[in-house]
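Participant: Quick one, what's the 3D model for this:
(2 chains)
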2 protein chains.
Amino acid sequence: MSDSALFIHEGVPQPPVVNPQASFFYKKNQTPEHATQTYINGIRSGNVSLLSQAITLLESTRSDHQQIAHSVLEACLPFSGNSMRIGITGVPGAGKSTFIESFGSCLTQRGHKLAVLAIDPSSERSKGSILGDKTRMERLAGDPKAFIRPTPNAGSLGGVARKTRESVILCEAAGYNVIFIETVGVGQSEVAVHSMTDFFLLLMISGAGDELQGIKRGIMEMADLIVINKADGENVPKASLAQALYQNALHLFPPTGSGWTPAVLTASAMEHTGLDTILQKINDYFTLIRANGYMEQKRRQQARYWMNETINETLRNRFFGNPQMETLLPVYEQKVLEGSLDSFAAAAALIQQFDAIHGSTL
Amino acid sequence: MSDSALFIHEGVPQPPVVNPQASFFYKKNQTPEHATQTYINGIRSGNVSLLSQAITLLESTRSDHQQIAHSVLEACLPFSGNSMRIGITGVPGAGKSTFIESFGSCLTQRGHKLAVLAIDPSSERSKGSILGDKTRMERLAGDPKAFIRPTPNAGSLGGVARKTRESVILCEAAGYNVIFIETVGVGQSEVAVHSMTDFFLLLMISGAGDELQGIKRGIMEMADLIVINKADGENVPKASLAQALYQNALHLFPPTGSGWTPAVLTASAMEHTGLDTILQKINDYFTLIRANGYMEQKRRQQARYWMNETINETLRNRFFGNPQMETLLPVYEQKVLEGSLDSFAAAAALIQQFDAIHGSTL
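Facilitator: Sure thing, here's the model as predicted:
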């Protein structure tokens, strides 16, 4: 449904894209075993260059790269999990990059080590826009306590989500104790981000409501914190009014599973105001969910979810990505849309065709 | 995630349950072809008994029953689609049965023919509680212009959804021009109901908010109309206040894809007040979405969604319902939860095992 974020499996998955920028440290006269150990040691000692290369290996589709990356990942697993994983999404025009830069600097100034990752399943975007990401967060990019990872290459949402989730593990093993995962573009990535973070921050601006066109219904109810950004100059009264309105609205929502009452705050990323209060709220949240067991419970659910979801995506890809099915699917879809065949009969017929192609009777 | 309706594919599907009450008209000295024609003619002439039997055939798992049912369904397809499909859900204690009875009678008095269906994927409930459904809606059950179909037997959500969606087609072919599909229990059925209806009504009551425990986050943003029920006696002022609060809150939500502004009304199903206004709102909605093309567009999306979703569910069932996988899954899940294996590596290993079992290299 175009008006609901709940329909996450409608489309046909996109094929993965090979990273054209893969060039690796381990080629330099090292065995794969030696390279693996180099990456592990480097990541554990906080070497940004080796962390970055290991993530590039995760993103590569070459099997030797994947093999090294997964050995590194496995070795890093015991050292992961110790960060606050924060999802950040925003309505168009809310100033997300400026906010991440400004709030991120606020965190590093207080001694935190921050990694900024992104999920961008849109295939329209430029491939691995390192320059773009670093330019839009210039100050943070030069901050030794911050690690900004460019948006990974386009691919299926599941594939991109996997890379991001695995990158989180490497970043945590490298000592980053706050991870931002931002959504890029307007799409289905909010659900993926929500399903791999502990805390979900929605960035908004006060205004006539036009900016709400940019978010899907259902996203607001996922937020643990709404920040009304650009609360500066003559915007301040409008932002305070919006804060009060949203605060009242959130009270009417069903309670969260965490026992947390979602909050609404105002801030100006440009003028660096309101950021301390946001940090305080986030700390309050983590204190709560660490104490009541929700954090542990949610992460276990997420681990289970991604295992099952990865299996489901693999099964879907085999079916919907099969060249013969790609020819048959629009034929049956047309019959369904014309009303000459119902959806379930069409599905049954397609499954039968799929099995016939593979001689399978699974 | 326990606090989000967005995670709809987490669990392992439940096995279908055979309907123990299947006993059929066509056994009485008829050939299947003759029976099929009898059902088609009966449904088209509005024969409630034959409509009811045809739905029972749809629900049966016997292949001869399924064959007749699908022939009937195919013949009915060209005569379907002419109803207002209305999803109804409510917080616990909102008085859903009384509301459906009261509002349903209001519709039949105005000459509408109403069918009431339900989606109840919970396996805990009694099997096909005809008595329960008819008792709780006594007045409507005796109304010649109303058809109440008991909740189908438990099964997977997809299976139950299929039966309900196919029942809609038969009811429409039988001349019912308003279809209610209600959710039963608290669960994931709201998403299924939303994905097979044109209009989604959320029934609430004014109160301290405890009743909100009963609905999942994300459901409120799906509503086209919120009705605050039990606005009678000393509750009237509280209901009006709740109406104003929710009305303000809905203005802050992202816009719907339909161009419709969700409304909030008060009513007393017990005292039959507020029902005309609800009917007027629903008529306004359908006038809008018929005129702007959204109804047609949404139904096409739904048809496509159910085709793809049925394929996905079949693929999932084959994997997660495979006895050998059922043994292996908890082993790998445990590794993931312990943190000794990451979710994606576990998924890859399980897929490899699945392929090995079937000698498949799909």
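
Participant: Could you report the separation of the residue of the stretch 151-300 of chain A found nearest chain B from A:Ser97?
Facilitator: Across the stretch 151-300 of chain A, no residue is closer to chain B than A:Gly257, which sits at 3.0 Å (Cβ to the nearest Cβ). Using the backbone N, CA and C atoms, a C-beta is placed for each residue, glycine as well. Distance of A:Gly257 to A:Ser97, given as Cβ to Cβ, to the nearest Å: 31 Å.

Participant: leaving aside the residues next to it on the chain, what's closest to A:Met307?
Facilitator: Distances taken as Cβ to Cβ, 6 or more residues apart in numbering or on different chains place B:Ser343 nearest to A:Met307, at 4.3 Å, with adjacent residues excluded.

Participant: how about that neighbour, what does it touch?
Facilitator: A:165, A:303-307, A:310, B:336 (Cβ atoms under 8 Å, 6 or more residues apart in numbering or on different chains).

Participant: helix, strand or coil for the residue nearest the centre of chain A?
Facilitator: Closest to where the C-alpha atoms of chain A average out (Cα atoms, centre = their mean) is A:Val193, at 3.4 Å. When classified by DSSP: H, G, I helix; E, B strand; the rest coil, A:Val193 comes out as helix.

Participant: My read is that it contacts A:Ile86, right?
Facilitator: No: if you go by Cβ atoms under 8 Å, A:Val193 and A:Ile86 don't touch, sitting 9.6 Å apart.

Participant: Pull up the overlap in contacts between the two.
Facilitator: A:181, A:200.

Participant: Show me where the stretch 151-300 of chain A has its strands.
Facilitator: Under the criterion DSSP state E, counting those that start in this stretch, the stretch 151-300 of chain A contains strands at A:178-183, A:199-205, A:225-229, A:263-266.

Participant: Between the contacts of B:Ser343, which sits nearest B:Ala54?
Facilitator: Nearest to B:Ala54 among the contacts of B:Ser343, counting by Cβ to Cβ, is A:Tyr305 at 38.9 Å.

Participant: still on that earlier bit, what about the residue of the stretch 151-300 of chain A closest to chain B, how many residues close to it?
Facilitator: 17 (other Cβ atoms under 10 Å in any protein chain shown).

Participant: That one and A:Tyr294 touch, don't they?
Facilitator: Yes: between A:Gly257 and A:Tyr294 there is a contact under Cβ under 8 Å: 6.9 Å.

Participant: Quick check: beta-bridge partners of A:Phe180?
Facilitator: Beta bridges link A:Phe180 to A:Ile86, A:Val116 when assigned by DSSP bridges.

Participant: Which pLDDT does the model give it?
Facilitator: A:Phe180 carries a pLDDT value of 97.

Participant: Find the pair from the contacts of B:Ser343 with maximum spatial separation.
Facilitator: Across those (Cβ to Cβ), the longest gap, 13.2 Å, separates A:Arg165 and A:Arg304.

Participant: And those two? Which one has more around it.
Facilitator: Legend: neighbour count by other Cβ under 10 Å for A:Arg165 and A:Arg304, higher for A:Arg165 (25 against 17).

Participant: which stretches of the stretch 151-300 of chain A have low pLDDT?
Facilitator: A:151-157, A:185-188, A:208-211, A:213-214 (pLDDT under 70).

Participant: and A:Gly293, how many neighbours?
Facilitator: Residues near A:Gly293, counting by other Cβ under 10 Å: 10.

Participant: got it, and A:Asp276?
Facilitator: 12.

Participant: ok, now how distant is the nearest residue to it once chain neighbours are set aside from A:Ala146?
Facilitator: Spatial nearest neighbour of A:Asp276, excluding adjacent residues (Cβ to Cβ, 6+ apart): A:Cys106 at 7.2 Å. Plainly put, A:Cys106 is 11 Å away from A:Ala146 if you go by Cβ to Cβ.

Participant: Looking only at neighbour counts, state which of these two leads.
Facilitator: A:Ala146 (25 against 17).

Participant: What residues does that one make contact with?
Facilitator: A:104-105, A:108, A:113-116, A:140.

Participant: Secondary structure for the residues you listed - can I get that in JSON lines?
Facilitator: Listed next are the contacts of A:Ala146 as JSON lines, based on three-state DSSP:
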{"residue": "A:Gly104", "secondary structure": "helix"}
{"residue": "A:Ser105", "secondary structure": "helix"}
{"residue": "A:Thr108", "secondary structure": "helix"}
{"residue": "A:Lys113", "secondary structure": "coil"}
{"residue": "A:Leu114", "secondary structure": "strand"}
{"residue": "A:Ala115", "secondary structure": "strand"}
{"residue": "A:Val116", "secondary structure": "strand"}
{"residue": "A:Leu140", "secondary structure": "helix"}
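
Participant: Need the max-distance pair from those residues.
Facilitator: Using Cβ to Cβ, those span at most 14.1 Å, a distance reached by A:Ser105 and A:Ala115.

Participant: Could you check which of those two is surrounded by more residues?
Facilitator: Remark: of A:Ser105 and A:Ala115, A:Ala115 carries more neighbours, 26 against 20, as counted by other Cβ under 10 Å.

Participant: show me the contacts for the more buried one.
Facilitator: Applying Cβ under 8 Å, 6+ apart to A:Ala115 gives the contacts A:83, A:146-149, A:168, A:171, A:174, A:176, A:178-180.

Participant: For the buried ones among the residues you listed, write the corresponding PyMOL selection.
Facilitator: Selection of buried members from the contacts of A:Ala115 for PyMOL, criterion 16 or more other Cβ atoms under 10 Å in any protein chain shown:
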select buried, chain A and resi 83+146+147+148+149+168+171+174+176+178+179+180
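
Participant: Which of the contacts of A:Ala115 fall within helices?
Facilitator: Assigned to helices by DSSP state H, the following of the contacts of A:Ala115 qualify: A:168, A:171.

Participant: returning to that earlier point: of the contacts of A:Ala146, select the buried ones using a PyMOL command.
Facilitator: Here is the PyMOL command that selects the buried residues among those (16+ other Cβ under 10 Å):
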select buried, chain A and resi 104+105+108+113+114+115+116+140
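
Participant: any idea which of the contacts of A:Ala146 is closest to A:Glu33?
Facilitator: A:Ala115 (27.1 Å).

Participant: Share the number of residues neighbouring A:Arg136, please.
Facilitator: Neighbour tally, A:Arg136, other Cβ under 10 Å: 16.

Participant: my guess is it meets A:Ser97, correct?
Facilitator: Yes: using Cβ under 8 Å, A:Arg136 makes contact with A:Ser97 at a distance of 4.2 Å.

Participant: hmm, back to that, so the residue nearest to the centre of chain A versus B:Ile219, what's the distance?
Facilitator: For A:Val193 relative to B:Ile219 (Cβ to Cβ), the value is 21 Å.

Participant: tell me which residues in the helix or strand harbouring A:Asn308 are buried?
Facilitator: Assigned by DSSP states H and E, A:Asn308 belongs to helix A:294-320. For helix A:294-320, a neighbour-count test (16+ other Cβ under 10 Å) marks A:294-295, A:298-299, A:301-320 as buried.

Participant: Make sure A:Val91 is actually in contact with A:Lys216.
Facilitator: No: A:Val91 is beyond contact range of A:Lys216, at 10.7 Å (criterion: Cβ under 8 Å).

Participant: Now do the shared contacts for the two.
Facilitator: Common neighbours of A:Val91 and A:Lys216 (Cβ under 8 Å, 6+ apart) do not exist.

Participant: So which bits of the stretch 151-300 of chain A are right by chain B?
Facilitator: Within reach of chain B by Cβ under 8 Å from any Cβ of the partner chain, the stretch 151-300 of chain A has these residues: A:162, A:165-166, A:169, A:191, A:194-195, A:209, A:212-222, A:245-246, A:248-249, A:251-258, A:297-298, A:300.

Participant: Show only the entries of the residues you listed found in helices.
Facilitator: Using DSSP H, these in helices are A:162, A:165-166, A:169, A:191, A:194, A:245-246, A:248-249, A:251, A:297-298, A:300.

Participant: Mind giving me the PyMOL select for the residues you listed, buried ones only?
Facilitator: To isolate the buried members of those in PyMOL, using 16+ other Cβ under 10 Å:
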select buried, chain A and resi 162+165+166+169+191+194+245+246+249+298
